[in-house]
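[1] based on what follows, work out the 3D shape:
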Amino acid sequence: MTKYIIRRLLISVPVLIGVTVIVFGLAELAPGDVSDMFINPELELGPEDMEALREKFGLNDPVPVRYLKWAGSVLQGDLGFSYVTGRPVADQVSRRLGNTLLLAGTSLAISIVVGIGLGVFTALRQYSFWDFTLTGLSFLGTSMPAFVSGIMGLYVFSIKLRIFPTGGMRPVTREPTLFDTVHHLTLPALILGIQGIASYMRYTRFSMLEVIHSDYVTTARAKGLPERAITWRHGVRNAILPVVTVIGLSIPNLVVGAVFLETIFSWPGMGTLYLDAVQGRDVPLLMGMNLVFATVILLANIITDVAYSIVDPRIRYD
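    Numbering: from 1, shown residues only. As a prediction, this is how the structure comes out:
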């Protein structure tokens, strides 16, 4: 297993290099000139001033040279400095990354527990009222964009029913407690997990239906094993592997959904920071966050591969 993890990490290195090339290339292809961000409308800058400004930020260097300089700084943990705030990009990202991981991780955990549980529940009650109802709701959940469900949830549960706060991560009028954080986290995490719940439920149901009609399950039932043991030890354990694949593939969508929901709920994470960087054309900050997102997704794929052997001991990575 250790050799496999090391091999996967080594394979991810060229992928990550390709990501840096794409991130830098997209920043170069963006319309306009980065130096325009530093122009003060109240000051009259001549050609000499503009040239000095471009020279200061290395914008006159050839594209390959600028990429190598940026990549070299990244290897040293330096993501550059924000054009807007002047602060190190790494500091800004580190302050927000934990909040985004808290939101996305909580949403993922809710999606896995609820989605797999409902999938097993509907599979054991095939063609029942609950099966048709939950399956129909799952199609609605997978087709509804995160920003639509976010606005609806905010309007119903925060504005009308006043069950959850309308935004933020903690109250500003007093010292926050753990309950306050959970209270603010619950609604955005649930809404972010709607698509995951619907998707995991459907895949778990389909996989469970194949397993519970297999010969070894029939044999276990004929031997008189308890139904609970048959369901969880023989059914869920063998049906869960395709769902693990779906969970790994859904993580990028979870990150994209977090960008929208953090804006709707004023959650101080990477999503709101990303939109601020887009509006301010803060190129170093955008490149740094894109690189962090890509790294998180690569690590999630590695964790998904390792989870295969934990869920199914028949799989061995030699």
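[2] switch to C-alpha atoms for all contacts and neighbour counts from now on
    OK.
[3] quick test: name the residue nearest the centre of the protein.
    residue 255 (2.5 Å; CA atoms, centre = their mean).
[4] name the helix or strand for that residue, please.
    When elements are assigned from DSSP states H and E, residue 255 belongs to helix 237-264.
[5] cool, residue 170 as well?
    Here residue 170 is assigned to no helix or strand, by DSSP H and E.
[6] before we move on, back to that, buried set for the helix holding residue 255?
    For helix 237-264, the neighbour count (16 or more other CA atoms under 10 Å) marks 238-241, 243-244, 247-248, 250-252, 254-255, 257-264 as buried.
[7] same thing with stretch 264-282?
    For stretch 264-282, by 16+ other CA under 10 Å, it's 264-265, 267-277, 281-282.
[8] can you give me the helices for this structure?
    Taking DSSP state H as the criterion, the chain carries its helices at 2-29, 47-56, 63-75, 89-123, 129-143, 146-153, 178-192, 194-212, 215-222, 227-229, 237-264, 270-279, 283-311.
[9] for the third one, which helices and strands make contact with it?
    The one in question is helix 63-75. helix 2-29 (3 or more CA pairs under 8 Å, 6 or more residues apart in numbering; DSSP states H and E).
[10] now the angle from the helix it packs on to helix 63-75?
    140 degrees (axes from the mean of the first three to the mean of the last three CA atoms, to 10 degrees).
[11] which secondary structure elements does helix 2-29 contact?
    With 3+ CA pairs under 8 Å, 6+ apart as the test, helix 2-29 has helix 63-75, helix 283-311 packed against it.
[12] again, 7 Å this time
    Judged by 3 or more CA pairs under 7 Å, 6 or more residues apart in numbering; DSSP states H and E, helix 2-29 is in contact with helix 283-311.
[13] avg pLDDT for the helix it packs on?
    Averaging pLDDT along helix 283-311 gives 81.
[14] where's it relative to the chain centroid, distance-wise?
    9 Å (CA atoms, centre = their mean, to the nearest Å).
[15] show me which residues of it are buried.
    Buried residues in helix 283-311 (16+ other CA under 10 Å): 283-298, 300-302, 304-306, 308, 311.
[16] tally of neighbours for residue 200?
    27 (other CA atoms under 10 Å).
[17] find the nearest non-adjacent residue to it, please.
    Of all residues not flanking residue 200 in the chain, residue 115 sits nearest, at 4.9 Å (CA to CA, 6 or more residues apart in numbering).
[18] now for that neighbour: which residues touch it?
    Residues in contact with residue 115 (CA atoms under 7 Å, 6 or more residues apart in numbering) are 197, 198, 200, 201.
[19] in JSON lines: those, plus pLDDT.
    Output for the contacts of residue 115, formatted as JSON lines (pLDDT from 0 to 100):
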{"residue": "197", "pLDDT": "92"}
{"residue": "198", "pLDDT": "92"}
{"residue": "200", "pLDDT": "93"}
{"residue": "201", "pLDDT": "93"}
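[20] let me know the closest of those residues to residue 227.
    Using CA to CA, residue 201 is the member of these that sits closest to residue 227, with 20.8 Å.
[21] what about that closest one, how many residues nearby?
    That count, for residue 201 with other CA under 10 Å as the rule, works out to 29.
[22] does it touch residue 112 like I think?
    No - Residue 201 is not in contact with residue 112 according to CA atoms under 7 Å; the separation is 8.7 Å.
[23] look up how far residue 237 lies from residue 89.
    Separation of residue 89 from residue 237 (CA to CA, to the nearest Å) stands at 44 Å.
[24] could you measure from residue 303 over to residue 4?
    The value you get for residue 303 to residue 4, if CA to CA is used, is 12 Å.
[25] just residue 300 next, same as before
    15 Å.
[26] ok, now residue 115?
    Residue 115 is 30 Å from residue 4, by CA to CA.
[27] ok, residue 199 next?
    From residue 199 to residue 4 the distance is 29 Å (CA to CA).
[28] and these two? which has more neighbours close in?
    residue 199 (24 against 15).
[29] and residue 198, what does it touch?
    Counted by CA under 7 Å, 6+ apart, residue 198 has contacts 115, 138, 141, 142.
[30] likewise residue 72?
    No contacts exist for residue 72 under CA under 7 Å, 6+ apart.
[31] hmm, which helix or strand of this protein has the shakiest average pLDDT?
    Of all the helices and strands that make up the chain, helix 47-56 has the lowest average by mean pLDDT, DSSP states H and E, namely a mean of 69.
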